[in-house]
Structure formats: structure tokens, C-alpha cells
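J.: A structural model of the following input is requested.
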Amino acid sequence: MHVTYRPLSVADTDGSASPIGVRIPDLRIYVLDGRGRPVPLGAVGELHVGGAGVARGYLNRPELTEQRFLPDPYGDRTGARMYRTGDLVRQLPDGSLEYVGRNDDQVKIRGFRIELGEIEAALAQHEAVAHGVVVPQGSADGRTLVAYLRPTRQWLDAAAQEQNTLLLDQWQTVFEDEYAGSHDEHDKHPADDLNLAGWESSYTGRPIPEPDMREWIDGTVHRIHQLRPQRLLEIGCGTGLLLFRYAEACRAVHAVDLSASALADVRQGVERRGWSHITLAQGDALSVADLPEAGFDTVVINSVAQYFPNRHYLEQALTRILPLVADGGRILIGDVRNLDLLTPHLIAVERGHATGRTTAADLTAQVQRRRRQESELLFSPTYFTRLPARFPDLGGVDVMVKRGVGDNEMLAYRYDVILTKSAPTATPTAAVTEPDLPWLEANTPDELRNLLEDPATPDRFGVTGLTNPQIADDIRVSDALTRWAPTHDIAPLPHGTRLSPQAATAVRELETVLRHAEHLGYQVAPTWSQDRPDGLDLILGKHDLPRVQARAPYRATHLANTVRIGDLGPAMARLLKEHLTTRLPEYMVPGVFMLLEELPVTLNGKVDKRALPAPDEDAVARQEYVAPHTDTQTTLCRILEDVLGLGRVGLEDTFFALGGHSLLAVRLNLRVRQELGRELPLQLILTGATVAELAAALEDEQTAADGVPLIPAVPVRDGEEAPLALQQGDLWFLNHPRHLPASYDNAQLAYRIDGPLDRDAFVRAARALVVRHPVLRTGYVRRDGTVTQRMNDAEGFEVTVTEPIADDNALIQWLREERTRPFAPEDPYAIRVHLVPVADEQHIFVLTRPWGVFDGWSLTIVLTELVALYRQLSGGAEPELPGLPLAYADFARWQRQTVGTAELDRQRAYWRRQLDGLPACLSLRTDRPRGAVKSYRGASVDFGVPLDVLTRLRQLSQEHGGSLYMTLLSAFAVLLGGHTDDREVAIGSPVSHRPRAELEGLVGYFVNTLLIRLDIAPDRPFTELLAQARQVTAEAHDHKDLPFTELVRDLVPEPDPAHSPLLQTMVNLVPNPAPTAGGDDAGDLRISPVDTGSRTAKHDLNLTALETESGLSGYLEYSTDLFADETAAHLVRSYERLLRKIAADPGADLARLRERAGD
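T.: The predicted structure is shown next:
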């Protein structure tokens, strides 16, 4: 609504002010203060509007009306009202107005009034967003909306996985540079190999003082000696600071490091000592899996974990390390940075770098910025206490705070963890404090000394109540920062120090008492208290040390940080922009997305917007739309916009993030072939390549489409033989099991037709369809061990109109009998069509065919074209549909020419590698033993989840660069994992392959079956399984030409008749339902599917899912020889719950998901 006007000039557009002109005639304008009084000329006030244009209020919103529509004390009539706009303006000397801003949570950007809360609500609907706020940045005219987001842990974990290689390479470069220049440092201490290169203080940026380093080294070496190592593996040995101090006490040492320069220094030191029991190797933590030896009693990973890319990398390393460790052996993960204390640590770092006093607001913002730039990995102690639940081999976890009196971050904010491998027969110990350990209280070192000297004190006990003097001052500043006014002054740290004199004294006093305890015969280990951040708990024992864990439970929920979280901003931006553009106008979509692990809050828990860091200019540039600039890029973006139904696609977008799925990927490739004459590698699409990368692939001459023309110069004629297509090897009646009749797996479709049907027109329409699609009138010829196909004339094809069948039971019986009538390969027609009258104006249309004559895509064509032909004929017209450029037999001949023996051999080699070691049969737990011969008897049970769950699953799929099918497949693998002891499963995946646009309208069989082999280890996060499913599915699609039946003959030459070879389970997602040709398409007729009573099961379990407007629905087909009906019902209910749990917590491990799903 306009209330002012002003002619604009070029000067207005170039200026920084926002002039809005003068009032429109018949309106009155008031600039009022908070009490409703006019403000002086030039002062800022709120704009109020009166006069003829003011409405009576908001419809059905009395409260808002009362707030906005106020009595007009300056009006010229009784009862007049004025509208309170919320706009802040000032009146200029010439009487015109200048817009200043908003006095509420609304803002105006580029002339649009924007409610920030509406944007935040839309952001909160996305699965990847745990919390978000939107803030305008910049001047009134040049403002940009910035979304500050705390992503969900699940999204962060999955996104961080993709950074692994990059981060490891970067750290390797850093270490090489450091160690290559460290020889001068080594020359200072050649006798004791004290090479301190790279050990710099975060507070000062200068090298950590040598006395502090020696104290740290001595403490770590003492910790290692306490483990009594004989055969030791060190991962990340660096320049040998620890190795040269423990190795002499060991019988054998194997040391690994990323840096060749560091290893060269260590090798010189080893040779200088004449040691022969040391083995050195270059590699990362995962390379230890290749070690030829095992049986290590000690593994040391010291001051290394912070350089791992994410927590999953540590878990991968432990998976490879544990088999190398002898029972009872220990793994020392040393120098771990404490995530629980990151904020006080960063406060101390910022104060150490400050050159003068700073304000509370500035310090808070600096800490937030440093958090986003954090390049090292930190862990909460809670993380380690939960590891035994993920690794059953772990029998104990000790969490030990560093000891010492130095003033450095290693003693203050780092800790050691000792993991103990249990014997195979041992029960994994729960990650809690020993239940029988007595706990005593001591609040000061003196009280602790009194406990130690009390004769009644037990030999094994814990102490709680102590303050950790190393960090107490930092904790106090951290707590106060949330209470101080933004302008509160904070002094920098004294130059070169962090501990105050009082704190340094307290540190020495506590260490003195701990040494006194050792003098009295106690082993002593401090650990982080879980009652308060500045607390310490102590564990003491005279003969042996009890498990070192805090008294209070470990309850932290933030277990590990995301390294370089700011680098993930562009990926989140692409995801959320697509999400928001479907819900908000374009002008309400933020231009910048800033990721924070935690949003700063005020004392009352609200987001402190003043403490949010300013957006990084590079991040802004990365997140902007990148337009295409080459012809290929422009064409590809346009094709993507058409295929995906989007308004704008840029070079940095990815197919799945834009809402694509596997079937749309096929359609995309069809359009690309049609318009550009080239083909995109499907694997490139499925693995999340950007549009720029796809365009680059198209511009590569190696991706040019095959030169063999699809449209034949001389088409296959009726009566002429042609080779089978590769997929036709799946034709059931050519390859059916010997113990079953050829008719056993005939496919039958039945549709009820309600309305005044013209029988003659319908019969003629069906015959016209058979004429149009030669595959429906094709027979098969066996000769000299080969099979060919031959198209026959349609003259002899008949549509049978049966006698009326009014009884439902009789109809079901008739359908069963019709279905069991066999087809023979030499039959001239591969379908039978019947029309069954069942009542006045009610018929059943029945189409029976052998399995594999045509696929689901073709079914849509058959139904659509049958209705179209019927409408033409029943209306008195001749049947006329657009001509088809080729027949299925022409495609088969073309395929045999383009997919040669060499290509099939390449694909066969891939499948041999991929399926190597796969058991012939998945060992599912069944209700009944598997019989000697598979009977194919089966049944089905329906399932479904609502639209909100389906929407979250779609979002999850897009976030991880995959499709909904990959998510459903992975979820089904999780379900199977609860019913088998196998660690891996292979699930069948049907794939439609119509490689050219000319084939889209063709009826035929274009489907092959792929096997997707997945690791379903119970401790694996679902997001990791989903990533594997995406990768394996993409690879499988790149090798989809080799027929599954040929693969079976190759890998299982003598299949067991008790089960299907290689494949016992399958998952199929139908992206869109085959249209029930009704409504306007069928005129007065209503056509709906009929349950034919078919009860077969080709596989043990076969899941079919369907996307609908109301959610996800489908059914589970199961073998009744193996599973009871109750078990099948339990499986689908578990699958429904599993999908809900995955949608809510995709980062959970598989065992936890199964447990939550009640499976």
C-alpha cells in the first residue's frame, strides 16, 4: 500500500538515503514519538497514516487491529482512526519524508517489507537446521539478509565426511613444511633429540618455554611407562619426542607418521643409537591395517587426534587398530583437546592476543569467529566413555587430566584417554564409574591431605569437590561474559602469562598434595568433573588404579566439533536456498548463510544478535548464484530447469540438491543426448557433481555419443528375425526353473471399467495397440542353442469377450485359471487380452503376458495409449497417434552393435570384483527352514508413512547428495541387519535403461537388476551407510548393461534350487504411480485396478514403495515358505518406525536405530 510518492532522479538511486516523498492526497501523515506526540522537524519518529484510505482493521484479527489501528486525535471527524505503520522516518525541511528503518522485527530491503520471523520459521522446517536466526546486515539501502545457523549434528557429520582427504592432505603439507625446517631446532639438543618444532603457544604465538615442554614430555612418557609396553605401535611419532624416551624399554616398536621429513630425523636418531628393534613407516592412522604383524600390547596416538578430519575417522582408525592389539592391551590417545571447555579456552586465547582492553561484545564476537575457524578436532570426554557401546572389544575407558605446574594450554585444556581391549570372553564394561568405589569430598588441597593421612581412608576411593586451578579464572570470565554489559571492559592477559599469581600458587599446592599421595603409596589420576566445568575429581588406589572416570554421569550432547565449519557454508547455502524458494518470495531468501556450532545467547537464553560474527566477504561471494557462460553450460542449465521444473539453475548447483532422483537422471540424459548429441556419465550425476562439472564432462570429446545411429535405415520387418536385447535374457518363459510350469510367473493386469463401454471400439483399440507396438506380437525362435525374436503380423490377434461373470469368487477363479495358461516361446503373440462383462456398464479388462515382455514404464504407455485409441474409435474417428521411429527389435539390434563384447567383459570384471566373497545366500532368520526346492509361494503386506516423514526423507537424501531410493534402500538394509548375522547384505535394485530419447514412447523391456552390496555393521552411522549406498549405486549404474541372468550364469553356474541365486531381497521405488487412465482421459468411463489374487514371491523379501501426494506407501512381498504372516507384518511395522527414526536422527548408528524401531 502506497501512502507517499516522489519523482525519482539518478541522484536518488546513487545516494545512501531513502527519500520516500510526500503524502498522497486525501491521506494525512504524522511522525509521532512513542507517546503519540509529533516529533520536531528532522527527528526520527514512527510514521502514522490517517485519512480516507485507512481501513477499519484486520479481518478477524481483533488483537492486531487494536495494536495497529489507533484513534486519530488529529483527524477532522469523530471516530477517525490512523494506522501505525512501524516505519521509522524523519521529516525534512521541505516537508518530504526520509525512511530510516523499522521499529519492530520487520525490515525493509530493496523496497520489500520483510518479517524476519517468517524466514526463521521456514528455515526451522529443514532437517539440516537445528536453530537459526536471520539478521539484516549493511546500510538501510544496501542491506543483505544473513542467516546464522546451527546445523544438526547429523548434517554436520555427513558433510564433514567429504572433507577427509582434503584435510589430511593439508595437514601433511603443514607437517612437511614444519619438520623440513626443524633441523636447526634439533641441532640445539642433539643429545636428547628435543626437537620442539611446531610447539607454539596459542596465547602468545611464540614457542612454548622449554621447561614446560620438558614437563609435558616427561608426564606423557611416564604415562606410557605405566602401561609396561613390550610391543608398541605409535601412530604419529613426529620427530620422536616420545619414541626416543620409551623405546629402549620395549622389545619392538613400529612407528608411523605422515611426514617423510619427520621420519628421516627419527631414522637418524635410531641409527645413531644402533637400535634394531624400531620399524618406521610413512602413512596415516588408517594405513596400520596393512601392517604384517599384530599382537601389540600398547598403542600410542599422542597429540595426533586433533589433526583427524572428524570423529568418524578416529572410529575408522580404531576399527583397524583393535585387531592388531593383544587381549588386555591398551590404546593411549593422548593430548586430546577438551570440547566441553572450548569457550573458556578461546576466551583465554583472545585475551592473550589482545593488545589492549576489549569490550564484552567484541570478545564474544571474536570467540565466535575463532570457533568457526577452528581447524583442529576436539572431543568431549563423554565421547570416549561411550565408545564401548560402539566397540564391544573395549573393556574399559580411563579419562585422565594432565598433571603439572606449567602455564600452558596442554596442561590446562588437554587430557589423555586409555582404552583397554578386553578378552574375547569378557563382557564389555559399561561406561560408568565403578559402582562400589567409595567417594569422599575435599574442597581444598589441605582437606585432601587430611583425607590421605586419615587411617580410616580406604585403599581405593574417589574424591570430588576440588577446583581445577589451571582453568578456574578462565571459567569465571566465560560465565561473566554472558552477564556483562556489551560495553564492559575486559583486560588482556598479562604479557606471556595466563595464570594469575594466585592461580599459579593453587596449581603448585594441588600438585604437591598429589605427589604426597604417591609418596604414601597411592596411584593418582585426576579427571574432569561432570558436576561443574571448573571441577576436578580424583581417582586413587594403592594396589591398582580404579577406572578413571568422573563421579557424575557423562551427559554432554556435543561430542566432537566440526573442523572448519565455515567451509561448509556454501553446501548449506545451496541446500537451504532451494528449500526456501519453494516457501518464500525470492526477496526473502537470505543472501548469506553463516554456520555456527552454537549460537551466542544472552543470560535469559535468547540469541544474542549483537555477538554474531560479521559475514565473511569470501563466503558471500561463494554463495552467490553463478550464471552459465558457455553455450554448453547455458543449454545444460536450461535442460535442468525444464526436467526439474525450476526457475533458475546455476553452475554451483548439484542435481540431487535440486530435487533430482534416479529416474529423473535418466530423463536428463535423454534430453542431453537429444539436444547436445552427447551423453553424461550417469555415475557423475549420481555422485553429486556440480552443473559446472557436468558441463565440463559434456565438453570432453570422450563423452560424445556413440556414432551408431539408433533409427535404422532398414527397420526390422514382420517375419524377420532379430537378436534379443540384452535385457530379454530375463524373459521368464525362456529361463524358468525346471520344476515349475512355464506359466508360473505370468504377469496379469486387470482393470475395472465402470461406465457405458463401447465393446467394439474397445476391441478395435486393443488390436490397434498391438499393431502399433510390435513387441506385443513377437514370438521367439530357438535355433542351434540361440534364441532370436520375430515380429508377426497382427491380423491373427484377437481380443476375447467372455461370457458375463457376475460372481466375485467366480471372477477370481477365472483370473487365476487365465493366469496359469502358459505361453510358449513360439507363440505369435506375447500377450492375451480379455474383456469380461460383470454387470451392466461394468467390465474387467485383463491383460496377461509372460514376465519380461514389457516393463513398468511401458505399462504407463499401454494404458495411456489404449484409452486414447478407444476415445478416437468410440467417437467415430480412425485411430491416429504420433508415429514411432523404431520398434523394440530395432533397439535390440542397435544395442548389440553398440554394447560390444569388450564392454560386457569390462562390466563382468567389475561385478566379479564387487561380488567377490559374497555368500550365495543371505542367512536370514526365518520362521520355517528353507526347503530343498523354492516354491515361489508368497503373499504381501502393505506399509506406509505420512507425508511429513517422506518430506524429511527427501530432504535427508538431498543433503547427502543422493536420492530417496538410496535412503529407502539403506533403511531396508538396516532392517535386514536385525534379522541376519551377516555383516554385509546384497539387495537387488531394478534399473530402467532407455539410453535415447527416441525410446521414451516405446513398449518393451528395458529393465535390468543390479546388486547393491552394503556393510551393515551395527556401530556404523546411518549417514555413513547412506554415503556407501550412493557410491555403490552410482558404480552399479555405470555397469548396468550386463544382464543379471548372465551374471548369475557366470558366478553361480550350478544354482541351488532352494533359493534365488545371488539375490534374495529387492527394493523398488516407483517415483510416480502408473496412471489409472480415468477422469477426463477416459471420458465417461472410470478405470481402476483390480486385485487379481496373485500370491507369488520371486524372492525371499521384495519391498516396493510408491511416492504419493499423501506420503510413502507400498508393500512387502514375502515367501510364505519362509515367513509367517505375523513376521511379515512385524517387518513392515519395523520398517515404518525405522524410516521415522532415520528421518529424526540420521546420524544414529544402525544398532541404535534398530533398537528404537523395536526390531
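J.: care to break the protein down by domain?
T.: 4-104, 121-151+564-622, 631-703, 726-760+775-854+883-893, 934-994+1002-1072+1096-1154 (the TED database).
J.: report the central residue of this protein.
T.: When Cα atoms, centre = their mean is applied to the chain, the residue found nearest the centroid is residue 960 (3.4 Å).
J.: give me the mean pLDDT for stretch 385-398.
T.: Average pLDDT, stretch 385-398: 93.
J.: do the same with stretch 971-978
T.: 94.
J.: in it, what's buried?
T.: 971, 972, 973, 974, 975, 976, 977, 978 (16 or more other Cβ atoms under 10 Å). Just so you know, the C-beta spots here come from the backbone N, C-alpha and C atoms, and that holds for glycine as well.
J.: sitting in helices, which of those do you find?
T.: Of the buried residues of stretch 971-978, the ones assigned to helices by DSSP state H are 971, 972, 973, 974, 975, 976, 977.
J.: closest to residue 894 among those residues?
T.: residue 972 (35.3 Å; Cβ to Cβ).
J.: list the contacts for the closest one?
T.: 987, 1065, 1067, 1103, 1135 (Cβ atoms under 8 Å, 6 or more residues apart in numbering).
J.: at 6 Å what do you get?
T.: The contact partners of residue 972, by Cβ atoms under 6 Å, 6 or more residues apart in numbering, come to 1067, 1103.
J.: just put the domains of the chain in JSON lines and tack on distance to residue 384.
T.: Below are the domains of the chain laid out as JSON lines (distance: least, Cβ to Cβ, whole Å):
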{"stretch": "domain 4-104", "distance to residue 384": "48"}
{"stretch": "domain 121-151+564-622", "distance to residue 384": "19"}
{"stretch": "domain 631-703", "distance to residue 384": "33"}
{"stretch": "domain 726-760+775-854+883-893", "distance to residue 384": "52"}
{"stretch": "domain 934-994+1002-1072+1096-1154", "distance to residue 384": "15"}
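J.: of all those domains, which lies closest to residue 251?
T.: Taking Cβ to Cβ, domain 934-994+1002-1072+1096-1154 is the member of those nearest to residue 251, at 32.6 Å.
J.: so where do the helices sit in the stretch 201-350 of the chain?
T.: Assigned helices in the stretch 201-350 of the chain, in chain order: 210-226, 243-246, 260-273, 311-321, 342-353 (criterion: DSSP state H, counting those that start in this stretch).
J.: of all the ones you listed, which lies closest to residue 302?
T.: Nearest of the helices of the stretch 201-350 of the chain (Cβ to Cβ): helix 210-226, 6.1 Å.
J.: how far does that closest one sit from the chain's center?
T.: 42 Å (Cα atoms, centre = their mean, to the nearest Å).
J.: now it: buried residues?
T.: 212, 213, 215, 216, 217, 219, 220, 221, 223, 224.
J.: again with stretch 252-263
T.: 252, 253, 254, 255, 256, 257, 258, 259, 261, 262, 263.
J.: for the host helix or strand of residue 502, packing partners?
T.: Following DSSP states H and E, one finds residue 502 within helix 501-519. With contacts defined as 3 or more Cβ pairs under 6 Å, 6 or more residues apart in numbering; DSSP states H and E, the packing partners of helix 501-519 are helix 445-453, strand 523-528.
J.: the same query, at a cut-off of 10 Å, please.
T.: Judged by 3 or more Cβ pairs under 10 Å, 6 or more residues apart in numbering; DSSP states H and E, helix 501-519 is in contact with helix 409-413, helix 445-453, strand 460-467, helix 472-481, strand 523-528, strand 535-541.
J.: between the third one and helix 472-481, what angle do the directions make?
T.: Spelled out, it's strand 460-467. 50 degrees (axes from the mean of the first three to the mean of the last three Cα atoms, to 10 degrees).
J.: tell me the strands beside strand 460-467, with direction?
T.: The pairing partners recorded for strand 460-467 under DSSP bridges are strand 439-441 (parallel), strand 535-541 (antiparallel).
J.: what about stretch 19-37, distance to the chain center?
T.: In this view, stretch 19-37 has its centroid 52 Å away from the chain centroid, taken as Cα atoms, centre = their mean.
J.: so where's the stretch 1051-1159 of the chain uncertain?
T.: Residue ranges of the stretch 1051-1159 of the chain with pLDDT under 70: 1071-1083, 1093-1094, 1159.
J.: can you give me the strands in it?
T.: Counting by DSSP state E, counting those that start in this stretch, the stretch 1051-1159 of the chain has strands at residues 1065-1070, 1086-1089, 1101-1108, 1111-1119.
J.: for residue 313, find the nearest of these.
T.: That would be strand 1065-1070 among the strands of the stretch 1051-1159 of the chain, by Cβ to Cβ, at 29.9 Å.
J.: what sits against residue 655?
T.: 640, 643-644, 649, 661, 664-665, 668, 680, 684-691, 694, 958, 961, 963 (Cβ atoms under 10 Å, 6 or more residues apart in numbering).
J.: and for residue 927?
T.: Neighbouring residues of residue 927 by Cβ under 10 Å, 6+ apart: 1120, 1121, 1122, 1123, 1124, 1125, 1126, 1127, 1128.
J.: and the first one, how far is that from residue 926?
T.: Just to be clear, that refers to residue 1120. 11 Å (Cβ to Cβ, to the nearest Å).
J.: and residue 396, its phi and psi?
T.: Phi and psi for residue 396, reported as degrees, to the nearest 10, are phi -170, psi 150.
J.: so the closest residue to it other than its chain neighbours bridges to which residues?
T.: Spatial nearest neighbour of residue 396, chain neighbours left out: residue 420 (4.1 Å); criterion: Cβ to Cβ, 6 or more residues apart in numbering. Note on residue 420: beta-bridge partners residue 330, residue 396, judged by DSSP bridges.
J.: helices of the stretch 951-1100 of the chain, start to end?
T.: According to DSSP H, counting those that start in this stretch, the helices that the stretch 951-1100 of the chain contains are 964-977, 1022-1037, 1044-1051.
J.: which stretch in these has the least confidence?
T.: helix 1044-1051 (a mean of 84).
J.: check which residues of that one are buried.
T.: The neighbour-count check on helix 1044-1051 (16+ other Cβ under 10 Å) flags 1044, 1045, 1046, 1047, 1048, 1051 as buried.
J.: so what's the residue count around residue 206?
T.: 9 (other Cβ atoms under 10 Å).
J.: and the gap between it and residue 1100?
T.: For residue 206, the distance to residue 1100 - Cβ to Cβ - is 67 Å.
J.: helices along the stretch 701-850 of the chain, start to end?
T.: Using DSSP H, counting those that start in this stretch, helices in the stretch 701-850 of the chain cover 732-735, 759-772, 808-820.
J.: on that earlier part again, out of the buried residues of stretch 252-263, who's nearest residue 843?
T.: residue 258 (74.6 Å).
J.: would you check that the closest one makes contact with residue 284?
T.: Yes - look at residue 258 against residue 284 with Cβ atoms under 10 Å: they come within range, at 5.8 Å.
J.: related to what we said a few turns ago, most tightly packed of the strands paired with strand 460-467?
T.: strand 535-541 (a mean of 24; mean count of other Cβ atoms under 10 Å).
J.: I'd like the next helix or strand past that strand.
T.: Taking DSSP H and E, what comes next after strand 535-541 is helix 569-581.
J.: rounded mean pLDDT for whichever helix or strand comes after that following helix, please.
T.: Later in the chain than helix 569-581, the nearest helix or strand by DSSP H and E is strand 592-595. Mean per-residue pLDDT for strand 592-595: 86.
J.: now for the buried residues of helix 210-226: which two are most distant?
T.: 212 and 224, at 19.1 Å, using Cβ to Cβ across these.
J.: if we can go back for a sec, can I get the helices of the stretch 951-1100 of the chain in JSON lines including distance to residue 273?
T.: Converted to JSON lines, the helices of the stretch 951-1100 of the chain look like this (distance: least, Cβ to Cβ, whole Å):
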{"stretch": "helix 964-977", "distance to residue 273": "51"}
{"stretch": "helix 1022-1037", "distance to residue 273": "43"}
{"stretch": "helix 1044-1051", "distance to residue 273": "55"}
